[in-house]
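# predicted model follows, preceded by the sequence.
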Amino acid sequence: MELRLYDTKSREIQTVHETNHKVRMYCCGPTVYRDAHVGNMRTFLLSDLIRRTLTVLGYQVSIVQNITDVGHMSEDFEAEDKLLAQSKTEHIDPLAVARKYEEHFHTDLALLNILPADKYPKASECIPLMQDLIAKLIAKGNAYVGSDGSVYFDASSFPGYGMISGNRLDALKPGHRFEYTDEGGKKFHADWALWKAAGHRTEMIWDSPWGPGFPGWHIECSAMSIQFLDGHVDIHVGGIDLRFPHHENERAQSNAVTGNETVDLWVHGEHLLFQGRKMSKSAGNVVLIRDVVEHGYDPLALRLVFLENRYRSQMDLNWETIAAADETLKRWRKLVNQVMHAIPSENVKITQAICEDLDTPRAIQIIRSLEKDHDLEIETKVGHLLFADQILGLDLSRKEQVRELTPELETILKSRKKARDEKNWAESDRLRQLLEDQGLIIRDSSDRQDWQWR
RNA sequence: GGUGGAGUGGCCGAGAGGCGAGGCACAGGACUGCAAAUCCUGCUACACGGGUUCAAAUCCCGUCUCCACCUCCA
């Protein structure tokens, strides 16, 4: 079976192809100046879903995800780098800020069972690569040194500009940043910086043929994808907000240099909303993976919530749905663990759903109906669940955590058993309340009592 | 102004022109000493106005509302 995905540029669902027996994926990674919130994670999950699906379908997959640790400007009028700003706040070296949040990023990925990429190139370690690309763009006539010493891409030199976002150069409103002193060297408001002259900046700058400075934000993705994926990207993944200008600019840079369509498919994940607004620092509605864990939920419950919604739709997250998913996850794991030595067996309906533009909501629906099907053997159900889990990544075969009972709880349980045997219901109910207050859930049947941790 | 989307029951959300996804919540029932869990049953919807069609949530036209992007963003 083939995987088909919605391509933003053609606005059509298209089949994924491999290049030299490998599907090459590039995923826009984090700017490591703060913790990634769950909205960011939703996009990273999209990459994971694609890679897991391709792997199950038998493809070799190569994934590169960049770590932006330089060049990403904040909206501050001083045009301050996000990392430098954070380094002042935390009173530590900017690269220490980067390494700290990079580590958090990997921890969060692991909590969501997102498999690691093959390579995580850092912008700060790819400066020569970017300079090389900039030099090529100047030589080809797509870039110029501005009056301020910065190097700019000449947007009008690239004929297909705007194909991803639908924006036309002549319709683009000059942005408010046009007035910025540090970008005053542009010839045209839609041009963008490839290399920014250092100006007054003393930290995080590098020497270059155009003088000391630092790279623009868009250039790293072009440089890295071309270098580490051998000049061609089969699937490019990122958040919908990156469609413009980031991906539009990236495409112009990459295509100008390679001379052909560098990226086959542009796949964009829609935004996660919280309380009806886009989750963002400025809206003040940021939820971190850590918050989910602190609420007592399995982070994979969040993964299930995401999977219950199509990646191409905005979704409004709330705690109730996470709670519901957490329960569902427990139920499925219980089911899976009832069968020893179960092996995955393909469920074609599930594969088909996933292959048609990652229809995970339908896949989940199929699982729910399998679960309820009284005519199916439990071994069959579990086999299909394990198969689906290779793609969904919910860790369904995880054994339930068995925390030891404290001697005190054990004593109460014994007393309660005795009370029930004697049909002393008042005492039995009192003890149950006691046990529940200490985190146990009690399930009675006529001849026994079962317990588990809440 | 330009661009990309979305409006579905109390809530969240799938939806492929034709026998009403699913989940949560709620209500009844089975089971339980009572609970819990589980199972069964019930509940109901397509923003508005036109149009096409034997048949529209789905296709077409218009209107309204919301979200997102327009050089920070996943």
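On my side now, so go ahead. Every value quoted in this text rests on a predicted model; they were computed, and no experiment measured them. Numbering: from 1, shown residues only, chains lettered A, B, ... in the order given.
# how about the contacts made by the closest residue to A:I127 other than its chain neighbours?
Distances taken as Cβ to Cβ, 6 or more residues apart in numbering put A:W206 closest to A:I127, at 5.0 Å, once the chain neighbours are dropped. Where C-beta positions appear, they are placed from N, C-alpha and C, glycine not excepted. Going by Cβ atoms under 8 Å, 6 or more residues apart in numbering, A:W206 touches A:I127, A:P212, A:G213, A:F214.
# which ones, among those residues, also lie beside RNA strand B?
Among the contacts of A:W206, no residue sits close to RNA strand B (Cβ under 7 Å from any atom of the strand).
# going by distance to RNA strand B, which of the residues you listed wins?
Of all the contacts of A:W206, RNA strand B sits closest to A:F214, with 13.8 Å by Cβ to the nearest atom of the strand.
# give me the element the closest one is part of.
strand A:213-215 (DSSP states H and E).
# which stretches of chain A form helices?
A:38-56, A:82-90, A:94-111, A:127-139, A:219-228, A:248-258, A:289-294, A:299-307, A:319-336, A:348-355, A:360-372, A:378-392, A:407-421, A:425-437 (DSSP state H).
# tell me which other helices or strands the last one touches.
So that's helix A:425-437. helix A:407-421, strand A:440-445 (3 or more Cβ pairs under 8 Å, 6 or more residues apart in numbering; DSSP states H and E).
# please name whichever of those is nearest to A:H104.
Among the helices and strands packed on helix A:425-437, strand A:440-445 comes nearest to A:H104, with 33.0 Å by Cβ to Cβ.
# nearest to RNA strand B within chain A, name that residue for me.
Counting by Cβ to the nearest atom of the strand, chain A gets nearest to RNA strand B through A:G239 (1.5 Å).
# got a list of what the residue lying closest to that residue once chain neighbours are set aside touches?
Computed as Cβ to Cβ, 6+ apart, the closest residue to A:G239 that is not its neighbour in sequence is A:T43, at 4.6 Å. Each residue near A:T43 by Cβ under 8 Å, 6+ apart is listed here: A:C28, A:V237, A:G238, A:G239, A:G269.
# just the ones of those in strands?
If you go by DSSP state E, these have A:V237, A:G238, A:G239, A:G269 in strands.
# list the contacts for the residue nearest to the second one when sequence neighbours are not counted?
Counting by Cβ to Cβ, 6+ apart, A:C28 is the residue found nearest to A:G238 once chain neighbours are left out, at 3.7 Å. Each residue near A:C28 by Cβ under 8 Å, 6+ apart is listed here: A:T43, A:Q65, A:N66, A:C221, A:H236, A:V237, A:G238, A:G239, A:L242, A:H246.
# torsion angles phi and psi at the nearest residue to A:F44 once chain neighbours are set aside?
What sits nearest to A:F44 in space, not counting adjacent residues and going by Cβ to Cβ, 6+ apart, is A:I114, at 5.6 Å. Backbone torsions of A:I114, given as degrees, to the nearest 10, read phi -90, psi 120.
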